[in-house]
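Q: Model the structure of this input:
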Amino acid sequence: MSRACHALAVLFWALFAKSAHLGAVAWLGVGACLMILVYEQWLVLKDFKNIPKAFL
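A: Modelled structure (predicted):
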């Protein structure tokens, strides 16, 4: 469930950046958010005990 929500969030951020004709800084922000969310998902996938680490 959280993977789907995170994927939709990144998708909508990217669509907003594209439709608002934002520059490279916005796309870097979308990419950074994507990497953070993927890292959080990876931590939790390894072990649910890592949930607190995902929010540091």
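
Q: next helix or strand past the longest helix seen in the chain?
A: As assigned by DSSP state H, the longest helix anywhere in the chain is helix 24-46. Sequence order places helix 51-54 as the next helix or strand after helix 24-46, per DSSP states H and E.

Q: Give me the helices and strands touching that following helix, please.
A: Contacting helix 51-54 under the criterion 3 or more CB pairs under 8 Å, 6 or more residues apart in numbering; DSSP states H and E are the following elements: helix 24-46. C-beta here means a position set from N, CA and C on the backbone, and glycine is covered the same way.

Q: buried residues in the helix it packs on?
A: Under the neighbour-count criterion of 16 or more other CB atoms under 10 Å, helix 24-46 has 26, 30, 34, 37, 40, 43-44 buried.

Q: Can I get the residues you listed in a markdown table including pLDDT and distance to Met1?
A: Putting the buried residues of helix 24-46 into a markdown table (pLDDT from 0 to 100; distance: CB to CB, whole Å) gives the following:
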| residue | pLDDT | distance to Met1 |
| --- | --- | --- |
| Ala26 | 97 | 27 |
| Val30 | 97 | 22 |
| Leu34 | 97 | 18 |
| Leu37 | 94 | 14 |
| Glu40 | 88 | 14 |
| Leu43 | 87 | 16 |
| Val44 | 85 | 12 |
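
Q: which one among the residues you listed gets closest to Ala14?
A: Nearest to Ala14 among those: Val30, at 5.3 Å, using CB to CB.

Q: ok, the closest one touching Leu15?
A: No - look at Val30 against Leu15 with CB atoms under 8 Å: they stay out of range, at 9.9 Å.
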